[in-house]
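Colleague: Generate a structure from the sequence data that follows.
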Amino acid sequence: MRITQSTLARLGIAQLNDQRSRLARTQEQAATGLRINRPSDDPVDYRTVLFLKDASSQTSRFLRSIDLARVRIQTTESALSGAEEAMSRARALAVSARNSTNQNPGAADALKTQVSELFDEVLSYANVRAPGGGYVFSGLASDSPSFSVTGDFGPGATPTVTFTGEASAIEVEIDEGVLIEVTRDGEAAFQGSNDSFAALSRLWTAIDTGDGDEIGAAMTDIENAREQLVLERTILGSSDLKADSFEERLRLQEQNLATQVSFLEDADAFEVYSDLTAQEAALQAALQVNARLLQPTLLDYI
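Modeller: Predicted structure coming up:
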């Protein structure tokens, strides 16, 4: 086979292009810090990295859901706690009213005023709104107030409270197929088997009429309603604990996924910069060799 000048030129240019391509890939790895920048760099590992990144994205989504769920849980728990404390104070008023003897009208009016204020306070807790704007005890109908009230305290009359939300709790997915309740059913919490509003109204009427036996009965209703609120807080607390447990596991999972992605995708800085130096030197040597090979012409032999 006769090697001509054009053959040498083609071979030299091909080798230079190949060397430049290798140098360009190494420069890209040095610039991005990544070993895999496109599927052709490593098809198998590239697909694995895509799978790991998708899993990491899902994990991050669940962690964001837990953060949002915790805000709703804290708002709901705070409202139940406040209502429970109000009912405890109402029970103390009932004890005071029952133990009072020869109570003058002024004292009775003061107690009734305090009971009506506690009634309004419990109602405000029942209609509490989450930071996002929804009513936490309205269930899926969170755009509407949970309870509405008609009427006022007065001789022979007490307010009527009606549940206007939806009797359900909001659920949030914190992992694949894992749901937790972040609110409570408002009707079950504030009315249900033990109606907080009815108990307070009963106490107000009993104080107004001076009926000691009725005050005692109202005190029992108030205590039952308070215990009902405590139970709702306990159930909600289990959701909070479950969220904490899953958050810890998901954060560990997120770290493990990031480590695996880094192992497959990241370039070894020492190796990359060593290769970069070597390939730059190799390209310069190739340029010099080709310059020498392609330099002779027919005029050099005349």
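
Colleague: which ones are touching residue 92?
Modeller: Applying C-beta atoms under 8 Å, 6 or more residues apart in numbering to residue 92 gives no contacts. Every C-beta, even on glycine, is put in place using the N, C-alpha and C of the backbone.

Colleague: Quick one: name whatever helix or strand follows the helix or strand it falls within.
Modeller: Mapping residue 92 onto the secondary structure by DSSP states H and E places it in helix 43-99. The element immediately downstream of helix 43-99 (helix or strand, assigned by DSSP H and E) is helix 105-126.

Colleague: Give me the average confidence score over that following helix.
Modeller: Throughout helix 105-126, pLDDT has a mean value of 91.

Colleague: How about residues contacting it?
Modeller: Identification of contacts with helix 105-126 by C-beta under 8 Å, 6+ apart yields 79-80, 82-83, 86-87, 89-90, 93, 96-97, 100, 137, 146-147, 149, 153, 159, 161, 186, 189-190, 196-197, 200-201, 203-204, 207-208, 210.

Colleague: Sort out which of those are buried, if you could.
Modeller: Those of those that meet the buried threshold are 79-80, 82-83, 86-87, 90, 93, 97, 100, 137, 146-147, 149, 153, 159, 161, 186, 189-190, 196-197, 200-201, 203-204, 207-208, by 16 or more other C-beta atoms under 10 Å.

Colleague: report the angle between the axes of the helix or strand hosting residue 245 and helix 43-99?
Modeller: In this assignment (DSSP H and E), residue 245 forms part of helix 212-265. If you take axes from the mean of the first three to the mean of the last three C-alpha atoms, to 10 degrees, helix 212-265 sits at 170 degrees to helix 43-99.

Colleague: what helices or strands is helix 212-265 leaning on?
Modeller: For helix 212-265, the packing partners by 3 or more C-beta pairs under 8 Å, 6 or more residues apart in numbering; DSSP states H and E come out as helix 43-99, strand 171-175, strand 178-181, helix 186-190, helix 196-209.

Colleague: Please name the residues that touch residue 180.
Modeller: Taking C-beta under 8 Å, 6+ apart, we find residue 180 in contact with 69, 171-172, 174, 239, 242-243.

Colleague: ok, now with 6 Å
Modeller: With contact taken as C-beta atoms under 6 Å, 6 or more residues apart in numbering, residue 180 is in contact with 174, 239, 242-243.

Colleague: just those residues now: which is nearest residue 131?
Modeller: Lowest distance from residue 131 to those (C-beta to C-beta) belongs to residue 243, with 16.7 Å.
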